[in-house]
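Asker: Sequence below, structure please.
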Amino acid sequence: MAAIGAHAAGHCCDSADEEAVDALARGLLMERGAPHAVVNNVGITRDAVLMRMSSAQWTDVVNANLNASFYVTRAFAHAMVEEGDGVILQMSSVSGFKGNVGQTNYSATKAAMIGMTRSLALELGRFNVRVNAIAPGFITTEMTADIPEAKLKTLGAGIPLRRSGTVREVASLATYLASADAAYITGQTFVIDGGLTA
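Answerer: Numbering: from 1, shown residues only. Down below sits the predicted model:
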């Protein structure tokens, strides 16, 4: 990264903890100023059919997937508005469109992120802050690493491109949406799923 003039630093924070997010944001804003882009990419699952889902399973997913997105976005939005520039990307999911058995909690949070994206685009557009969502389908990640091989084959057979997506493909879409090439795009949700929802 240094070769292209970029710098990266890691910071640890429980993004479902409102006070922790606000403290981290204050420090980063003092040190670096307004960010060009914020990517809300936290996501967990606690799967169970609704009749067997505990309140803790529901709340854990809502806190990690949705509340965290709210806390992080709110913590940085004011600085972006003052700067008159910025990009907010929400990592949603195709589950926000089509649902999934045993994932009422997950699907609800990912659908809510799409609604949040649209509303924020309307609120922040006049300040040149763009807000978009990405809705990946089945992507090979640590989150999917424990799925048995037989199940992976079944899942792949239902995808028109006959494979799972890669993290790099999703990252490339995020990079484009954060770039000046996407300066006239806001309030949209981009599905990247190999044709799963076609």
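
Asker: any idea which helix is longest in this structure?
Answerer: The single longest helix within the chain, with elements called by DSSP state H, is helix 104-124.

Asker: For that helix, what does the pLDDT average out to?
Answerer: What helix 104-124 shows for mean pLDDT is 98.

Asker: Which elements pack onto that helix?
Answerer: helix 55-61, helix 68-83, strand 86-91, helix 95-98, strand 129-136 (3 or more Cβ pairs under 8 Å, 6 or more residues apart in numbering; DSSP states H and E). Every residue, glycine included, has its C-beta placed from N, CA and C.

Asker: what residues does the second one touch?
Answerer: The one in question is helix 68-83. With Cβ atoms under 8 Å, 6 or more residues apart in numbering as the test, helix 68-83 has contacts from 15-18, 21-22, 24-25, 29, 33-35, 38, 40, 42, 86, 88, 90, 113, 116, 120, 124, 127, 129.

Asker: Is the closest residue to Phe76 other than its chain neighbours bridged to anything, and to what?
Answerer: Nearest residue to Phe76, sequence neighbours excluded (Cβ to Cβ, 6 or more residues apart in numbering): Val38, at 5.0 Å. Under DSSP bridges, the beta-bridge partners of Val38 are Ile88.

Asker: Which residues are in contact with Val38?
Answerer: 72-73, 76, 80, 86-89.

Asker: which one of the residues you listed has the most neighbours?
Answerer: Ile88 (28 neighbours; other Cβ atoms under 10 Å).

Asker: contacting residues for that residue?
Answerer: Ile88 touches 37-38, 40, 73, 76-77, 80, 120, 124, 129-132, counting by Cβ under 8 Å, 6+ apart.
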